[in-house]
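>>> Quick one, what's the 3D model for this:
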Amino acid sequence: MTSLRVAFLLEQAWHRVPGGTAVAAVELARALLERDDVDFLGVTARHRSTDLPPLLVSSAGTDHLPMVSSALPRFVLYEAWHQLGRPRVDRLVGRSGGAPDVVHASGGAVPATRSPLVATVHDVAWRHYPEAATRRGRRLFEGWLSDARRADRIVCPSEATRADLVEAGFDGDRIRIVSLGVGRTDIEPGLPARLRARYGLEGRFVLWVGTLEPRKNLDRLVAAMSEAGPLAGMPLVLVGPGGWQTDVIQTVAPLRGRAVVVGSVSEVEKRAWYEAADVFCLPSLHEGFGLPVLEAMAHGVPVVTSAGTATEELVGDAGLTVDPTDTGAIAEALCAVLDDETLAARLADAGRTRAASRRWSDTADGMMAVYREVAG
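As a prediction, the model looks like this:
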C-alpha cells in the first residue's frame, strides 16, 4: 500500500498544561510512527530550548519522533495561521522530503495549508460551560473551531462531540468519529504499595486523575465525600497537573486532611496509582471523551463518572454514571461500589474487557482511513 506523507501538529506537547488532548496527539503520533504506510513528520513552533517537553520524554518511544519547527514562536504562529492563513506548512514540511499528502491539525490550532486537511476537535466544552474557561481561552477555542471548518474532514472522539459539532453548524457528512485509545498497563513491581506507604494510605481510597480546572467538577466530588456515612473517613487522591481557575487547597479544605494532592506524575507512577485505587471517580460537567476513565477501566478500577456527556458513552455498562451536579448521587454511587464486592468485581472485569478494544493502534487505523479518504 502506498505510504502517505503526513504533517502532524505536535505543538500541544509544549503547552504549559498539555492536558488530555496533547496526550492523545502524542500517543496517536507514536502509533502512526510504528506503521509502514505512513511517512510521519511532526510540526512544532520555534522553541529556545532544544529539550523535549516532559510529555514526549516520559512516553517511551517518542523521543525519536521526526519533527520540523517553524521559525515563529507559538503565539505568533497560531495567530498567523488564524488571522493571515500563513505561513503554510506545505513549504516547511517540503524542505525535509516533499510536500505532505495530508496535514492533520491534531487538536487546537489549525495549520495553514493547501494540502488536504484533517482537523480533530475533541470537545466544545467552553460553549456548554463558558464560565469554566478564561476569556482568552474562549477566544482561542472559538478561533480554532472556526478554522476547523475549512478542513476536508473533521475528526472527533465520540458521538457526544459529533452531536455538538452538528449543533455548531458543521456538516455531519464531513465528520468522522475515531475513538481514542489506551496504552501500556504494566506496573513497576511494588510501586503501588510504595505509593500507599509514602502517602500514609493504609485503607481504601477514591482516585481522581486529570487537569485541575472548573469543568472537572472537583468541588462536587469533595462535597460528596464530605457527607456522613461510609465516605466520611475515606481519603481522596488527586493525580494530575494544576490547570486554571481552581484553587485546589481551598477546594479540598472540607475534607480536613483526607485529600492527598499528588500533582503531576510520570506515566509509570500514574499507572501505579490506578493499580492501587479502590474506585475511580471523574464527575466532569462535560467531556469530549474522558481518557482517564478509559485508563482506569484498562487497569480494572471500578469507575463512577458523569451521565449526559461523553464518559457515559465511553463506559457503557462497565461503570456507574450519575448526574454530576447531584452530590448525593455521586456519594451513593461511590458507596455502592465500595460496599458491594460483587458489583466492584463486575465493573472491574467489564471495564478491562471494554478497554481492550480501544488501543492506540486502533485509533491509528481509524485515522489512516480518514487520511486516505481526503488524500484520494
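>>> check contacts around residue 18.
12, 53, 55 (C-beta atoms under 8 Å, 6 or more residues apart in numbering). Placement of C-beta: from N, CA and C, glycine included.
>>> now do residue 359
181-183.
>>> Please name the bridge partners of it.
residue 182 (DSSP bridges).
>>> pLDDT value on it, please?
Here, the pLDDT recorded for residue 359 equals 96.
>>> Would you mind confirming that residue 19 is in contact with residue 216?
No. Contact criterion C-beta atoms under 8 Å: residue 19 and residue 216 do not qualify, at 10.7 Å.
>>> Compare the two (neighbour count), which wins?
residue 216 (26 against 21; other C-beta atoms under 10 Å).
>>> pLDDT score assigned to the more buried one?
With respect to pLDDT, residue 216 has a value of 93.
>>> wait, doesn't it sit right on residue 222?
No. Look at residue 216 against residue 222 with C-beta under 8 Å: they stay out of range, at 11.4 Å.
>>> Okay, now the unreliable bits of the stretch 51-200 of the chain?
Applying pLDDT under 70 to the stretch 51-200 of the chain picks out residues 58-63.
>>> residue ranges for the strands of it, please.
67-69, 102-105, 117-120, 153-156, 175-177 (DSSP state E, counting those that start in this stretch).
>>> Minimum distance to residue 90: which of those has it?
Checking those against residue 90 by C-beta to C-beta gives strand 102-105 as the closest, at 7.7 Å.
>>> what lines up beside the closest one in the sheet?
strand 4-9 (parallel), strand 117-120 (parallel).
>>> I'd like to know which of those lies nearest to residue 92.
strand 4-9 (8.1 Å).
>>> Following the closest one in sequence, what is the next regular element?
helix 19-33 (DSSP states H and E).
>>> any idea how far residue 122 lies from residue 104?
13 Å (C-beta to C-beta, to the nearest Å).
>>> any idea how far residue 24 is from residue 89?
Residue 24 is 20 Å from residue 89, by C-beta to C-beta.
>>> same thing with residue 107?
Taking C-beta to C-beta, one finds residue 107 at 16 Å from residue 89.
>>> what does residue 157 give?
23 Å.
>>> Between those two, tell me which one has more neighbours.
residue 157 (30 against 27).
>>> what residue is smack in the middle of the chain?
Residue closest to the mean C-alpha point of the chain, counted by C-alpha atoms, centre = their mean, is residue 20 at 2.2 Å.
>>> just checking, that one touches residue 213?
No. Residue 20 is not in contact with residue 213 according to C-beta under 8 Å; the separation is 11.1 Å.
>>> So for residue 122 and residue 104, which sits in the more crowded spot?
residue 104 (31 against 24).
>>> so who does the more buried one touch?
6-9, 117-120, 367, 371.
>>> let's see it at 7 Å
By C-beta atoms under 7 Å, 6 or more residues apart in numbering, residue 104 lies in contact with 6, 8-9, 118.
>>> Now, of these, which are buried?
6, 8-9, 118 (16 or more other C-beta atoms under 10 Å).
>>> could the residues you listed go into JSON lines alongside distance to residue 146?
Conversion of these to JSON lines gives the following (distance: C-beta to C-beta, whole Å):
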{"residue": "6", "distance to residue 146": "24"}
{"residue": "8", "distance to residue 146": "21"}
{"residue": "9", "distance to residue 146": "17"}
{"residue": "118", "distance to residue 146": "16"}
